[in-house]
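**Student:** pasting the sequence and the predicted coordinates here, then a few questions.
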2 protein chains.
Amino acid sequence: MRPHDSPEIRHLPLFRDMLQASYDALMHSTQTERFAAGGELIRQGDPADFLHVVLEGAVELYARWEGRETTMAVVRPVGTFILAACIRDAPYLMSARILEPARVMRIPASDLRAVFRRDPEFAVSVIQELAGAYRAVVRHAKGLKLRTSRERIASYLLRQSRQAGDADSFVLPVEKRLLASYLGMTPENFSRALRALEPEGLRLDGLRVTITDRARLMDVARPDWLIDGPDPEGASAGASLPPVAAPG
Amino acid sequence: MRPHDSPEIRHLPLFRDMLQASYDALMHSTQTERFAAGGELIRQGDPADFLHVVLEGAVELYARWEGRETTMAVVRPVGTFILAACIRDAPYLMSARILEPARVMRIPASDLRAVFRRDPEFAVSVIQELAGAYRAVVRHAKGLKLRTSRERIASYLLRQSRQAGDADSFVLPVEKRLLASYLGMTPENFSRALRALEPEGLRLDGLRVTITDRARLMDVARPDWLIDGPDPEGASAGASLPPVAAPG
DNA sequence: CGAACCCTTGACAGAAATCAACTAAGGTGG
DNA sequence: CCACCTTAGTTGATTTCTGTCAAGGGTTCG
């Protein structure tokens, strides 16, 4: 089975409603490649040539400026990224590197643009995807501006718990240093702030987190629909490990 | 002339390519109202009933959480906001209040959704609008995470200068306290940081800012296409006074 | 004329970044 | 298989930055 025929891709919110002919057209020049950890997939500033779909592994989206670097999102299967740049035919605002050995599908941006002009159903899907992605970034920005780092960590942990099916115990999906960057702080600060949350109903063991007093943690985090998102309304599928923030 | 027929609206990037019939359908139930300064237009958490178009005046988009508040954008004529919420039929993530006495057009969200399903040209326009808006917020988030407040202020001033036609002297478009909030700091800090930029080639007089040494200021700001945006690619028309961040 | 309100400034407290050192775990190559 | 190297994570000490509290000047608007 060619990867293109995988129902996992065909059934992505972005692709599931389009005509078969359109889908075939999209996949016509699409290539799937494997990448080793650490590899650079795209670099910010480069022209947006391909829409990327992560089939296996994990990809980090990050931004650089004047030597500083910050993680914007982690995309896991099956998720897409840099849709917006492809649509506007504009330079990538973010870079992407392989976090875990990955298989990635690359759909030519020109095909993408051609297809949503011909297939109204696909156009509607793109609209939904972009609107969700937009809202996801707005939520992220709200969290950064309205919450302290302590509160961001606490609410992140609660989101992870919810994603694990409201489990009290779960494993952080990525390195702590990456999480720190995603949440907008240094690794040192993250370490300390996380430690400081232990008395608030938390037990820590490496990457494993156990919530021992949910009420107390919620009292710190004060979770809010309009920031933490009740729904994975944004982001196609797996773009939400750092919970949210999707296509670039 | 009814406001709907105004070429200013019809020629917005969002509306200019749609069929006349679609446009008429959109405008059919659309109402235009005047609002006094300070009035609440929409409240975060409310269901998204209307796409808003600012015809006159100025509207502030802001977010609230646990008593704290932050400005997300200022929309001026002719700009739209909360497109994404309308499309997803989801609650507003931001509130809107009148900054300067305004005339605002409200397009029922249900009509909006119906029309872009029927008119592929309009769908494409919505896609472009959303992709631009998405990129605008990503830039904003990058600025918040990668730059210090001093750097954010300096680069904001350079953006304003550019927007004024690369003029060395210009007037800040909004209150300083609002600017501070938009840039992610307290008014006190903004005041101090702005003051501290004077030796870096700046002269201040109330809301008027004069750049006396552009090279020096650029050395502080280190402007970057991928954050400051070379192009007003996002945001329909006037959504860019705090330069960027558009429809919610 | 008074009441808000914006802006600024100062003093202070709290938060976060930085610098540095140390541990532990994982991977590499001998 | 072990020694070594790299790197994530932690912790401490310190500095820098930012928010908070408080007060005063200036302006606008009722």
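**Tutor:** Noted; the coordinates are in hand.

**Student:** from now on I want contacts and neighbour counts done on CA atoms only, so please keep to that.
**Tutor:** Noted.

**Student:** so does the lengthiest strand in chain A get close to DNA strand C?
**Tutor:** Counting by DSSP state E, the longest strand found in chain A is strand A:50-65. No - Strand A:50-65 does not reach DNA strand C (Cα under 7 Å from any atom of the strand); its nearest approach is 12.5 Å.

**Student:** show me what the next helix-or-strand element following that strand is packed against.
**Tutor:** Next in sequence after strand A:50-65, counting helices and strands by DSSP states H and E, comes strand A:68-75. Contacts defined by 3 or more Cα pairs under 8 Å, 6 or more residues apart in numbering or on different chains; DSSP states H and E place strand A:68-75 against strand A:50-65, helix A:176-182, helix B:120-146.

**Student:** got a markdown table for those, with distance to DNA strand D, mean pLDDT and mean neighbour count too?
**Tutor:** Converted to a markdown table, the helices and strands packed on strand A:68-75 look like this (distance: least, Cα to the nearest atom of the strand, whole Å; pLDDT from 0 to 100; neighbours: other Cα atoms under 10 Å in any protein chain shown):
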| stretch | distance to DNA strand D | mean pLDDT | mean neighbour count |
| --- | --- | --- | --- |
| strand A:50-65 | 13 | 96 | 23 |
| helix A:176-182 | 4 | 98 | 20 |
| helix B:120-146 | 10 | 98 | 25 |
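
**Student:** could those go into CSV alongside distance to residue A:41?
**Tutor:** Converted to CSV, the helices and strands packed on strand A:68-75 look like this (distance: least, Cα to Cα, whole Å):
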stretch, distance to residue A:41
strand A:50-65, 9
helix A:176-182, 18
helix B:120-146, 19
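
**Student:** which among these is found nearest to residue B:108?
**Tutor:** Of all the helices and strands packed on strand A:68-75, helix B:120-146 sits nearest to residue B:108, with 15.4 Å by Cα to Cα.

**Student:** care to break chain A down by domain?
**Tutor:** Each domain of chain A is listed here as a residue range: A:3-142, A:146-228, per automatic domain parsing.

**Student:** what is the burial count for the nearest residue to residue A:57 once chain neighbours are set aside?
**Tutor:** Distances taken as Cα to Cα, 6 or more residues apart in numbering or on different chains put residue A:102 closest to residue A:57, at 4.0 Å, once the chain neighbours are dropped. A count of nearby residues for residue A:102, using other Cα atoms under 10 Å in any protein chain shown, gives 21.

**Student:** how about residue A:13?
**Tutor:** If you count neighbours by other Cα under 10 Å, residue A:13 ends up with 18.

**Student:** wait, doesn't it sit right on residue A:124?
**Tutor:** No - using Cα atoms under 8 Å, residue A:13 is not in contact with residue A:124; the gap is 10.4 Å.

**Student:** strands along chain A, start to end?
**Tutor:** Applying DSSP E to chain A gives strands spanning A:31-35, A:40-42, A:50-65, A:68-75, A:79-81, A:95-108, A:169-171, A:202-205, A:208-211.

**Student:** any idea what the closest residue to residue A:168 other than its chain neighbours is bridged to?
**Tutor:** In this structure, residue A:168 finds its nearest non-sequential neighbour in residue A:211, 5.0 Å apart by Cα to Cα, 6+ apart. Legend: beta-bridge partners of residue A:211 under DSSP bridges are residue A:202.

**Student:** for the helix or strand of chain A with the lowest mean pLDDT, buried residues please.
**Tutor:** Scoring the helices and strands of chain A by mean pLDDT, DSSP states H and E places helix A:7-10 at the bottom, with a mean of 90. Going by neighbour count (16 or more other Cα atoms under 10 Å in any protein chain shown), the buried part of helix A:7-10 is A:9, A:10.

**Student:** hmm, what's the outermost residue in chain A?
**Tutor:** The centre of chain A is farthest from one residue, residue A:199, which by Cα atoms, centre = their mean lies 30.2 Å away.

**Student:** tell me the contacts of the residue lying closest to residue A:208 once chain neighbours are set aside?
**Tutor:** Leaving aside its sequence neighbours, residue A:208 sits nearest to residue A:171 (Cα to Cα, 6+ apart; 4.3 Å). Contacts here follow Cα atoms under 8 Å, 6 or more residues apart in numbering or on different chains; on that basis residue A:171 touches A:207, A:208, A:209.

**Student:** just the C-alpha atoms of stretch A:115-128, please, in CSV.
**Tutor:** C-alpha atoms of stretch A:115-128 as CSV (Å, rounded to 0.1, in the frame of the first residue of the first chain):
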residue,chain,number,x,y,z
VAL,A,115,-6.7,22.1,-5.7
PHE,A,116,-8.6,24.2,-3.2
ARG,A,117,-9.5,26.6,-6.0
ARG,A,118,-11.1,23.7,-7.9
ASP,A,119,-12.6,21.7,-5.1
PRO,A,120,-14.9,23.8,-2.9
GLU,A,121,-15.2,21.0,-0.3
PHE,A,122,-11.5,21.0,0.2
ALA,A,123,-11.6,24.8,0.4
VAL,A,124,-14.0,24.5,3.2
SER,A,125,-11.8,22.0,5.0
VAL,A,126,-8.8,24.3,4.6
ILE,A,127,-10.9,27.1,6.1
GLN,A,128,-11.8,25.0,9.1
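
**Student:** for that stretch, which outside residues touch it?
**Tutor:** For stretch A:115-128, the external contacting residues (Cα under 8 Å, 6+ apart) are A:13-15, A:17-19, A:22, A:25-26, B:87-88, B:116-117, B:120-121, B:123-124, B:126-127, B:130.

**Student:** one more pass at 6 Å, please.
**Tutor:** Stretch A:115-128 is contacted by residues A:14, A:18, B:120, B:127 when judged by Cα atoms under 6 Å, 6 or more residues apart in numbering or on different chains.
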